[in-house]
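Peer 1: Sequence first, then the predicted structure:
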Amino acid sequence: MPALPARPAALSSRPVRWLRRNFVVLAGLATLAYLVLPNVIVTVFSFNKPNGRFNYEWQRFSTDAWTDPCGVADLCGSLSLSLQIAVWATVGATVLGTALAFALARYRFRARSSVSTLIFLPMAMPEVVMAASLATLFLNMGVTFGFWTILIAHITFCLSFVVTAVKARVMSMDPRLEQAAQDLYATPLQTFLRVTLPIAAPGIAAGALLSFALSFDDFIITNFNAGSTVTFPMFVWGSAQRGTPVQINVIGTAMFAIAVLCVLAGQLIGGRRKRS
Amino acid sequence: MALVTDKTPAPRATRRTAARGGKPTPYWLLLPGILWLLVFFAAPLVYQASTSVQTGSLEEGFQVTWHFATYWDALTEYYPQFLRSVAYAATATALCLALGYPLAYLIAFKAGRWRNVLMILVIAPFFTSFLIRTLAWKTILSDGGPVVSALASLHVLDVTDALGVTEGHRVLATPLAVVCGLTYNFLPFMILPLYTSLERIDSRLHEAAGDLYARPLTTFRKVTFPLSMPGVVAGTLLTFIPATGDYINAELLGSTDQKMIGNVIQSQFLRVLDYPTAAALSFILMAAILAMVTAYIRKSGTEDLV
Amino acid sequence: GIPPAGRPDGALGTSADRSARERAVAFSSWTGYIDAGADGKGHPTLDDFRRRTGIAVTYTEDINDNVEFFGKVSKQLTAGQDIGRDLVCVTDWMAGRMIRLGWAQRLDASHLPNAYANLAPAFRNPDWDPGRVHSYPWTGIPAVIAYNRKATGGRKVDSMSQLLEDPRLKGRVGLLSEMRDTVGLTLLDMGNRPEEVTADEYTAAITRLRRARDRGQIRRFTGNDYTGDLNKGDIAACIAWAGDLVQLQADNTDIQYAIPDAGYMLSSDNLLVPRNARHQRNAERLIDYYYQPKIAARLAAAISYVSPVAGLRDELAKIDKELADNSLIIPGEAMLAKAHAFRSLTAAEDKAFEAAFSELTGA
Amino acid sequence: MTATAPTDSSSGTDVRLTAISKSYGAFTAVHPLDLSVPAGSFFALLGASGCGKTTTLRMIAGLEQPTAGTVELAGKDVTALPPHKRPVNTVFQSYALFPHLDIYENVAFGLRRRGIKSVKKQVGDMLDLVQLGDFARRKPHQLSGGQQQRVAVARALINHPQVLLLDEPLGALDLKLRRQMQLELKRIQTEVGITFIHVTHDQEEAMTMADTVAVMNAGRVEQLGAPADLYETPRTTFVANFLGTSNLITAEVLDASGETLVLRAADTKLALPRARCTAAPRAGGKLLVGIRPEKITLAHADDAGTIPEGRNRVHGRITASSFIGVSTQYLVDSPAATGLSVYEQNIERDSRLVPGADVVLHWNPGHSFGLDAAQSIEAGTDAGEGT
Amino acid sequence: MTATAPTDSSSGTDVRLTAISKSYGAFTAVHPLDLSVPAGSFFALLGASGCGKTTTLRMIAGLEQPTAGTVELAGKDVTALPPHKRPVNTVFQSYALFPHLDIYENVAFGLRRRGIKSVKKQVGDMLDLVQLGDFARRKPHQLSGGQQQRVAVARALINHPQVLLLDEPLGALDLKLRRQMQLELKRIQTEVGITFIHVTHDQEEAMTMADTVAVMNAGRVEQLGAPADLYETPRTTFVANFLGTSNLITAEVLDASGETLVLRAADTKLALPRARCTAAPRAGGKLLVGIRPEKITLAHADDAGTIPEGRNRVHGRITASSFIGVSTQYLVDSPAATGLSVYEQNIERDSRLVPGADVVLHWNPGHSFGLDAAQSIEAGTDAGEGT
Ligand SMILES: Nc1ncnc2c1ncn2[C@@H]1O[C@H](COP(=O)(O)OP(=O)(O)OP(=O)(O)O)[C@@H](O)[C@H]1O
Ligand SMILES: Nc1ncnc2c1ncn2[C@@H]1O[C@H](COP(=O)(O)OP(=O)(O)OP(=O)(O)O)[C@@H](O)[C@H]1O
Ligand SMILES: [Mg+2]
Ligand SMILES: [Mg+2]
């Protein structure tokens, strides 16, 4: 329900009432500010022109880095690699995790609690340990480290996050809708695709977003299983050791902006289409 | 009616049981994911378990000697870090809940067409590497920076110093900074599941509560919050568990007195090269988390969620 | 169980060298540790190398931390597998560990004429690789004391005693998480020689550091990320690596450094050919290439670290006069006399010292 | 349009809607509408599905912000007040039971919110009243549809609000239970003096329980009045057709001079008291003559001679008959109008009255009513009433 | 108990339930129950709220696993078949519309699932049928309650399934629309030959539409038969009271020898044809004599002399009267029984028939029925019927 417009009723103290009424909005926006504040700094420093190698101190305004975002060797290569991995890891983890979440939320079966525990543990396992043990596994299997090992590692640790996020949503879904679908000749698969999935979509989207973010931003596990492949966080981490180039701020800012603009554009187009 | 009931929790009795009629569906759903976890998680886990009861050195190699004492030694030596990790993670989780709930609520009920935009603002910071963002926090919280100066002049830091969460009128390299960092880093993990469960609540239930004399705050306490419990539980788990094992925030924002168990494991594994201790610590951590999570879930009456 | 990592040199045999057939070499190093082209792309010295020798270098900046790198490749090396890299650059103690474990190929001196001739005396004989049988230094890294003049109120900080005991620096001192640099400087300040450190001396130094820590003197033990703190003044004074300082000073004139009277620690990053590398011969040619003063000067000018190549000054002066006079890049005799290096440790010592140090750093 | 309940509407008015309207985007669910409901009265809102009844109730409860207009409760403008500050309770059409609370707590909700501590007795009584005493600890999803609806009623009723809004509160109940609940509602209403605004599809319910009935059509109130008045003298074809069944016969006015109008439909002469005609009759003009099916007596054509004088009579032929429990419904086609409907109570059936039989329909002219012929004759019937 | 529709039940049976039952924990919602519904018939399920109607339907649809027993469709045991493999569609009591799909897609859902590509015409027709053509692109939450219900009906109906289960499909509709939808349903049912199983609270609906009606009570079927049979000769007090209103008078059997039983209630003699008595009468034993309110004629005590011979007559006094549209209901207390209910069609009102008036109730003995007096006289009435 939209907040009611203020009415000229006799109010004892309007500001207080206004605050009370809009408390949620204000608190929410404050949290949002907290979340994006560091990005503001990152953005500001993407326009810096440092004298030396360190982009810590504001020197002078420049768009040099913006005009040449790939100006640092390997930066854009690592970025595209990270994006590819993140996309595939998201797909993999979301598919596997959603299936698991559904099985857990919708069915009773033997070993259900053991399965839950198995799904929980990866979240509880310190990254470095998971990283090292996975590396050992790959080594024993004789796999060459690179894209595929990174991908497998990412899917493994994203899986649990997807399950948890999706399950919360599926648990609160009315099974009668699925029953109605089945009653209307939808096979279990169709029921899933046409009814369950769209309704559980926000949960799945949340899980997928988490996966994407986790995968895109992961350093430790990637580092152990990457061989000599370099992903974006590895690149950032590495360059942070000797001073991050401004381009990293540019990429960070651009990624942020692209994500927001895409959604914004979709919103506007969708809004216009609805109106017409 | 359709819409109301579609938001009510699933009638349990109508859920099909796999046992009856031998429906294989759940097993098909489980199979790929479980296989995946067995191969890529459980198998390495067994390997780590064996490591934890080995003794030896890098040069001579490590042999399984069933040396369980490692667990005890690790626990006695590093229990402060364990306790600290739990305390920090719990505080950060509580803060995440307190900060994240209004935002999730805002997105779910008040954002209207800006919903997706706000959503993406929550998640987009991930696209800027955590390292850059954490470094940005150091810039923001820097000792001579405007934030700290402001806090100092408002005497906030006097209070926090007295409480022991900050030291010497600075924020960086104090527990406060670490907890704030954890909160910041894991906030989206709280907001997303909260949002997804809030979004499902039928606004008609709010209306019914309002109609029955519940003030907005009471409506929240008695209706909204209980109905969002799945999200609260999922969010706290997604926040608390990784936060307990985190080491980045303590590393970058804390000092030596704020090291968490993640730092210890990291250091044992990489620096000291004491693999058995590292593995033992990991298992203690996992067991502790599992125990806490189980207790929490029991307490919050949401066994079904996990 | 985990198999023993250490095998006598060559026990697993040397893989057949394919250098003749494959004109390639894979080189893993640290980020920003090589020259970059004018537009920020490419590495001119590597391009030159290819032009001259026809050997293409796959240059990867995937080493950020010695221990991490060790953790990453140790499993493969233990298993006797090729790690896909022909040349790696690691800090001396790690190089020592890898050599001790038999994970570095013995280099063929006959393939390294320039290197043999031009290696600066100060780097010739580390105790972890006597006679440079397995390794050649890439850069020298002096660990000195740096401070932010603004943050210290204009006071100079030039000794470990000040760092550890001056109450005016309380909570604003940064130490390095590299055990050898931090403990080494402390040992020097206590009148001990890191080259011959005993367990007791080490314990004493750790005790002193711990006291400082418990007083709240020390803010953080850091890796390279001290630079930001120092730059902002959150850290007033710290132990710092010289190469960073040259860069920091370019942005912030308040950053100063001091060479402690008691001496400073000089470590190095070293090029190793990992066991079973496929292109040892090509790697050796690359090492030798960088030991030509002209090439070394280009490198030094780009990364501002101490060059291990003798006779560099003239070539460097041709590129940048000012750099050639910077004693952090070309240390003079007096400077070199104060340099110290940490003795190489046995495996047991290594473990014990690291454990004590990591306890100090809180983890 | 303006509609005011025919009661003193100054001090005694409890709910007053002034020019209230509601639009969803381009769609207007409720057109500007004035309505006042006297305090303590039982007010029923009737109307076709989708005509805006729920929307109107929701605006009174404060759950929907009106697009325009104001809501007054007991003389106080509450348009800007949030729902929890209005002394109004609602039984929701969709129940809106709290899924996380059991039945007991659902019912106790309102009392607890008003800070009442000892709710046990009241809740127990209320649950007994809706015959759900044994189900107190069940969750809503464990109840049948009708049981859920009863919980919704109990949850609102227990608060004894100043105004109770009931949105089809008994729709999911079987006839018996519905009748019983109706009596209970009525009893509570009179005892406690609550103002009831009741939306129902059960016309009998509206007729028996309400003091005043408003008939809504497509977002507007068409007529408002006491149940019997509405039934006996509908003012529009919609009301005539919607409230029970009406046979409407288009007739030409032959003589509009006297107290009794004389009309002609086909070859039949019909009489209609002028007082029972809402349109202004004009000789030569047209009128609709309405007559309720139960007011018509059916005589076999053979018995036409026995029909008393002074009654309107129409000849026709039975086309269909169906047994509906208490009575039998006959459909009769006549030259004057087709599909005339007649109810005959099932006492002794005249076995000649079967489809195909020629019959005479006759009724007392005082039972018929006249309507403006300009309206759609089918408004409010199955065919004429859209959504 | 076993209940079989009085039709050939071998080849022509479409739905057959054998010893089917359902328990939720300790609570038994449906007791073991046998039922067969002939193919192509219109079968109505009546019963008090919470008696297990929805549960029974859900077991037929395969949405609820029976605790015991089997379900056969067209002679095939489908107990283990999932819902989508059963040629059955359901109109859910709670609608269960897909909230993420618009009305059009909701209705098209079943067709699309069966791989039908060009659904446009069919969906359009179906939406027109339920009068929602203009709402095709709305989402369910933008509709009123009745509109949502119509979507639910359309969504099931469009599939022309072998068996259609309707769970109060018209409960949220106003009378007019309900009548019209009833006709449409009936038309489709006969045209397409679908078997309908229809749960309703509208007894008139059940009576007019169904070929066979089953009356359920607390998880069991009490009686099953053609509507008129059920109404005219109920076999239990529950059925007598639940299906319409019955006046039940406890009477002593004076003479059980002839074709007509002679009974006595208080000081009144009553006659009852033996054929209309389900219990075995025994002289000196007790019986319940039932008579429907509309079968009773009310005469003022002053007119007692004009009552023809051969009718049962009971003296009493009017305690209440209420106007219910077509007719007026009177409550009469008499020495034989209190609270007797009488409906008089509103033709010409006898102005003397007001509360307090002494009256004579009289009826044709052939209209009354006899029941076993061992049953609760109030079963199925408001007071006697619990949940
Ligand atoms: N999940 C459940 N757990 C326990 N009891 C249940 C559950 N679902 C239904 N019941 C009970 O089973 C009985 C039959 O329910 P059902 O829904 O079949 O009734 P119904 O005849 O359809 O009633 P109504 O006319 O009110 O819809 C009810 O008493 C109800 O309380
Ligand atoms: N959110 C909405 N958006 C658009 N139209 C709506 C919305 N809610 C209701 N309507 C429309 O407003 C009209 C009135 O709806 P309302 O719910 O008041 O009807 P009603 O009289 O209660 O009908 P019913 O008897 O079927 O419950 C309907 O035509 C409905 O389609
Ligand atoms: Mg409505
Ligand atoms: Mg039901």
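Peer 2: Received it, and whenever you're ready, just let me know what you need. Ligands and ions are numbered 1, 2, ... in the order given.

Peer 1: Now do the contacts for the residue lying closest to A:S228 once chain neighbours are set aside.
Peer 2: Distances taken as C-beta to C-beta, 6 or more residues apart in numbering or on different chains place C:T60 nearest to A:S228, at 4.8 Å, with adjacent residues excluded. For glycine as for every other residue, the C-beta is placed from the backbone atoms N, C-alpha and C. In this structure, C:T60 makes contact with A:228, A:230, C:26-29, C:85, judged by C-beta atoms under 8 Å, 6 or more residues apart in numbering or on different chains.

Peer 1: In whatever helix or strand C:T60 lives in, which of the residues would be classed as buried?
Peer 2: If you go by DSSP states H and E, C:T60 is part of strand C:56-63. Going by neighbour count (16 or more other C-beta atoms under 10 Å in any protein chain shown), the buried part of strand C:56-63 is C:56-57, C:59-63.

Peer 1: ok, the helix or strand following that strand near chain A or not?
Peer 2: Using DSSP H and E, the helix or strand that follows strand C:56-63 in sequence is helix C:66-78. Yes - interface with chain A: helix C:66-78 contributes C:68, C:71-72, C:75-76 (C-beta under 8 Å from any C-beta of the partner chain).

Peer 1: hmm, back to that, identify the bridge partners of the residue nearest to A:S228.
Peer 2: Beta-bridge partners recorded for C:T60 (DSSP bridges): C:S28.

Peer 1: I'd like to know how far it sits from B:F269.
Peer 2: Remark: distance between C:T60 and B:F269 (C-beta to C-beta, to the nearest Å) = 23 Å.

Peer 1: got a list of what the residue of the stretch 151-300 of chain D found nearest chain C touches?
Peer 2: Residue of the stretch 151-300 of chain D nearest chain C, by C-beta to the nearest C-beta: D:R155 (57.5 Å). Listed by C-beta under 8 Å, 6+ apart, the contact set of D:R155 reads B:212, D:91, D:97, D:106-107, D:109-110.

Peer 1: Tell me the one among the residues of helix C:66-78 next to chain A nearest to B:S142.
Peer 2: C:E68 (27.2 Å; C-beta to C-beta).

Peer 1: Tell me where the model's unsure across the stretch 1-150 of chain C.
Peer 2: Flagging of the stretch 1-150 of chain C using pLDDT under 70 yields the residue ranges C:1-15, C:39-40.

Peer 1: and if you look at chain D?
Peer 2: D:1-12, D:324-326, D:347-349, D:380-387.

Peer 1: What residue spans form the domains of it?
Peer 2: What the record gives for chain D is the domain set D:2-232, D:239-378, from automatic domain parsing.

Peer 1: Tell me which of those domains lies nearest to ligand 2.
Peer 2: Comparison of these against ligand 2 by C-beta to the nearest ligand atom identifies domain D:2-232 as nearest, at 3.0 Å.

Peer 1: Quick check: the gap between whatever residue of the stretch 201-350 of chain D ends up closest to chain A and C:D65.
Peer 2: Going by C-beta to the nearest C-beta, chain A is nearest to D:G219 of the stretch 201-350 of chain D, at 21.7 Å. Here D:G219 is placed at a distance of 72 Å from C:D65 (C-beta to C-beta).

Peer 1: Please apply the same query to C:W30.
Peer 2: Separation of C:W30 from C:D65 (C-beta to C-beta): 9 Å.

Peer 1: Near ligand 3, which residues of chain B are found?
Peer 2: By C-beta under 5 Å from the ion, no part of chain B sits against ligand 3.

Peer 1: these two touch, right, A:V170 and A:A201?
Peer 2: No - judged on C-beta atoms under 8 Å, A:V170 makes no contact with A:A201 at a distance of 11.0 Å.

Peer 1: Is it correct that D:F323 falls within a strand?
Peer 2: Yes - assessed by DSSP: H, G, I helix; E, B strand; the rest coil, D:F323 belongs to a strand.

Peer 1: For it, name its beta-bridge partners.
Peer 2: Going by DSSP bridges, D:F323 forms beta bridges with D:T328.

Peer 1: For the stretch 151-300 of chain D, what lies in contact range of chain E?
Peer 2: Within the stretch 151-300 of chain D, the residues that sit near chain E (C-beta under 8 Å from any C-beta) are D:167-168, D:171-180, D:183, D:201-204, D:207-208, D:227-228, D:231, D:241-242, D:244, D:292-295, D:297.

Peer 1: Pick out the residue closest to the middle of the chain.
Peer 2: Looking at chain A here, since you left the chain open. A:A213 (2.9 Å; C-alpha atoms, centre = their mean).

Peer 1: switch to chain D, that's the one I care about
Peer 2: Central residue of chain D (C-alpha atoms, centre = their mean): D:L46, at 3.9 Å.

Peer 1: Can you list the helices and strands that the helix or strand hosting it packs against?
Peer 2: Secondary structure assignment for D:L46, by DSSP H and E: strand D:42-47. For strand D:42-47, the contact count by 3 or more C-beta pairs under 8 Å, 6 or more residues apart in numbering or on different chains; DSSP states H and E identifies helix D:53-61, strand D:195-199, helix D:203-209, strand D:212-217 as packing neighbours.

Peer 1: is any part of it close to ligand 3?
Peer 2: No - using C-beta under 5 Å from the ion, strand D:42-47 stays clear of ligand 3, with a minimum separation of 9.3 Å.

Peer 1: got a list of contacts for that strand?
Peer 2: For strand D:42-47, contacts defined as C-beta under 8 Å, 6+ apart pick out D:5, D:15, D:37, D:53, D:56-57, D:186, D:189, D:195-201, D:203, D:205-206, D:209-217, D:227, D:242-243, E:174.
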